[in-house]
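Participant: Task: produce atomic coordinates for the following.
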Amino acid sequence: MLNTAHQIKRGVSFYSYQEEYFLRKMSLEDCVREAASIGAFGVEIIPEQSMTGYPNPGDSFYRTWDAWMEKYGTTTVATDLFLDTKRYPGRVMTLDEMTESVRKDLDIAKRLGAKYVRAIINTPPEVMEACAPYAEKLGLKLLLEVHAPFHYEHPWIIRHLEVMHRLESPALGFMPDMGTFVERFPRVMSDRALRDGARPHFVELAVETYNNHGDVHGLMDTFNYMGANPVEQGIARLSTFLTWNDPRVMLEHMPLIHHIQAKFYEMTDEGVEYSIPYDKIITVLIEGGYSGHLSSEYEGNRHIQDIFEVDSVEQVRRQHRMFERLLGEEPTSDAAAAVGVSGAGGSNVR
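Facilitator: Model prediction:
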């Protein structure tokens, strides 16, 4: 257990509950209620996923949302924007069109009471620059998600850094995704490949190459020479989308880091994330003086839904028990009863 004083807070991205939300097993209010029950009071919402009528859900939605925040003691910390650059057939959005789209998402974040807006990784630096004055005016921070396979020395991220350092705008920064710190190949992915028809020796080679920081980019050629089938070629390609970087790379950029996407694929029965070393990550965040939220982002569902009933709620609960341990917090007890958690079946406002 870490006993170092810190100001790190816990939260949940509702992306984590996408399986149950899509299947109507959880309503949007259920997501809020569940987050509060585990002491994750900073919620992160995806407007396109959660708002009927997006980008104009109407006043009734906002009134209902505000009421939930008060009822459950939660706060809207962040919103996630997507930039649909191929919205129009046969062409990519112009700079003006992309800027207008992002500004609409900034307006939504402001109305929801969020401080941070995640800019998806494909957001051009020119759009970030064009939107910075508007974000400043609204008192928001527009944060580029540093998502695998990108990293802080990637040319795309360097272009964004150039804009951030040149403008020195308080509205621009980073929202790192912890999927950039995958230390060993996710077991849910390799197991799924086996179920889908990959032969064990191909899967073992992909996993061994990744875990040993070998030449994952050469795997597709190697597999092709070995007569790989499409599933085996797929796992070779997947290994190039996973990345391992030392979490200490965040220290140099900590003044620009304001929110954390706490990606995870599998919380084990032992209470650890199988692939991502959160003990190392949280140590670095504390050292760097990070004071924002760890926002759970569960992505294991898609790799197990062919054989298991997905239980995103339990997976997120396990991650937060791990966070409590690593952050030196007292375990959340009887929180579910305190906020009236009763599983699915709350309001169906979407």
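Participant: And residue 132, how close does it get to residue 309?
Facilitator: Distance of residue 132 to residue 309, computed by CB to CB, to the nearest Å: 44 Å. Every C-beta, even on glycine, is put in place using the N, C-alpha and C of the backbone.
Participant: Looking at those two, which is more packed in?
Facilitator: Per other CB atoms under 10 Å, whichever of residue 132 and residue 309 has more neighbours is residue 132, with 19 against 8.
Participant: was I right about that one contacting residue 173?
Facilitator: No - look at residue 132 against residue 173 with CB atoms under 8 Å: they stay out of range, at 10.5 Å.
Participant: what residues are shared contacts of these two?
Facilitator: residue 142 (CB atoms under 8 Å, 6 or more residues apart in numbering).
Participant: quick one: average confidence on stretch 26-35?
Facilitator: Per-residue pLDDT values over stretch 26-35 give a mean of 98.
Participant: Could you find the closest non-adjacent residue to residue 272?
Facilitator: Once flanking residues are discounted, residue 272 sits nearest to residue 322: 6.5 Å by CB to CB, 6 or more residues apart in numbering.
Participant: so the one you found is in which element?
Facilitator: Per DSSP states H and E, residue 322 falls inside helix 312-327.
Participant: The nearest residue to residue 273 once chain neighbours are set aside - how many residues pack around it?
Facilitator: In space, residue 273 comes closest to residue 264 once its chain neighbours are excluded; the distance is 4.8 Å by CB to CB, 6+ apart. Using other CB under 10 Å, the number of residues around residue 264 comes to 25.
Participant: What of residue 59?
Facilitator: The number of residues packed near residue 59 is 8, by other CB under 10 Å.
Participant: now it: how far from residue 107?
Facilitator: Here residue 59 is placed at a distance of 14 Å from residue 107 (CB to CB).
Participant: and what of residue 267?
Facilitator: Distance, residue 267 to residue 107, by CB to CB: 36 Å.
Participant: So which of those two has more stuff around it?
Facilitator: residue 267 (23 against 15).
Participant: In this structure that one contacts residue 315, no?
Facilitator: Yes - using CB under 8 Å, residue 267 makes contact with residue 315 at a distance of 5.2 Å.
Participant: Is residue 145 within a helix or a strand, and which one?
Facilitator: Element membership for residue 145, per DSSP H and E: strand 141-146.
Participant: from the chain's centre, how far out does that strand sit?
Facilitator: Here the centre of strand 141-146 is set off from its chain's centre by 12 Å, with CA atoms, centre = their mean, to the nearest Å.
Participant: and the residue nearest to residue 273, bridged to which residues?
Facilitator: Note on residue 264: beta-bridge partners by DSSP bridges are residue 298.
Participant: Quick check: pLDDT value at it.
Facilitator: 98.
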